[in-house]
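*Asks:* I would like to see how this sequence folds:
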Amino acid sequence: IWVASIAFAVAFTLVGCASTPVPPTAELQAAELAIRNAEQARVADYAAAELNQAREKLAAANTAVQKEEMVRATYLAEESKVSADLASARTQMAKAKAVNDEMQASLNTLKQELQRNTGGGR
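*Replies:* As a prediction, this is how the structure comes out:
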């Protein structure tokens, strides 16, 4: 009887631990930070779809936490962060391309001016 009581107590403790899932707080915070950083970088001008996807995934992650679906919440929070990071990267790429295009246009203008000032050729 004593052994059965200990076995029951251990089983009850294990069930109690399993019934209180831990929310993926770090993953949710990382996703929120990535979205805030993306918003501050004005990614909506260049990568609105990715930013919206990040927001939707974060909302879904929070819903999963409320339903105590912590594995799903973790997965969605991580996807949210990746989408926000992608939006930021695409924005940086687009901004860099715009600067490059502007520099190339300036270089072409300088070449034309040089050709005009030197008599039109090489």
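
*Asks:* for the longest helix along the chain, packing partners?
*Replies:* Secondary structure of the chain read by DSSP state H shows that its longest helix is helix 70-117. In this structure, helix 70-117 packs against helix 25-40, helix 44-66, with contacts taken as 3 or more Cβ pairs under 8 Å, 6 or more residues apart in numbering; DSSP states H and E. For glycine as for every other residue, the C-beta is placed from the backbone atoms N, C-alpha and C.

*Asks:* So which bits of stretch 82-90 are buried?
*Replies:* When burial is assessed from 16 or more other Cβ atoms under 10 Å, stretch 82-90 yields the following buried residues: 82-88, 90.

*Asks:* before we move on, back to that, can you redo the helices and strands packed on helix 70-117 as a markdown table with mean neighbour count and mean pLDDT?
*Replies:* A markdown table is the format used below for the helices and strands packed on helix 70-117 (neighbours: other Cβ atoms under 10 Å; pLDDT from 0 to 100):
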| stretch | mean neighbour count | mean pLDDT |
| --- | --- | --- |
| helix 25-40 | 17 | 96 |
| helix 44-66 | 18 | 95 |
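
*Asks:* Can you say which of those is nearest to Asn108?
*Replies:* When the helices and strands packed on helix 70-117 are ranked by proximity to Asn108, the top entry is helix 44-66, at 24.6 Å, counting by Cβ to Cβ.

*Asks:* packing partners for the closest one?
*Replies:* Applying 3+ Cβ pairs under 8 Å, 6+ apart, we find helix 44-66 packed against helix 25-40, helix 70-117.

*Asks:* Could you check how far Lys81 is from Asn52?
*Replies:* From Lys81 over to Asn52 the distance is 15 Å, taken as Cβ to Cβ, to the nearest Å.

*Asks:* from what I can see Glu79 touches Glu56, true?
*Replies:* No - using Cβ atoms under 8 Å as the test, Glu79 is too far from Glu56 to be in contact (9.7 Å).

*Asks:* picking that back up, I'd like the helices and strands packed on helix 44-66 as JSON lines, with distance to Asn62 appended.
*Replies:* Supplementary listing: the helices and strands packed on helix 44-66 in JSON lines, determined by distance: least, Cβ to Cβ, whole Å:
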{"stretch": "helix 25-40", "distance to Asn62": "7"}
{"stretch": "helix 70-117", "distance to Asn62": "8"}
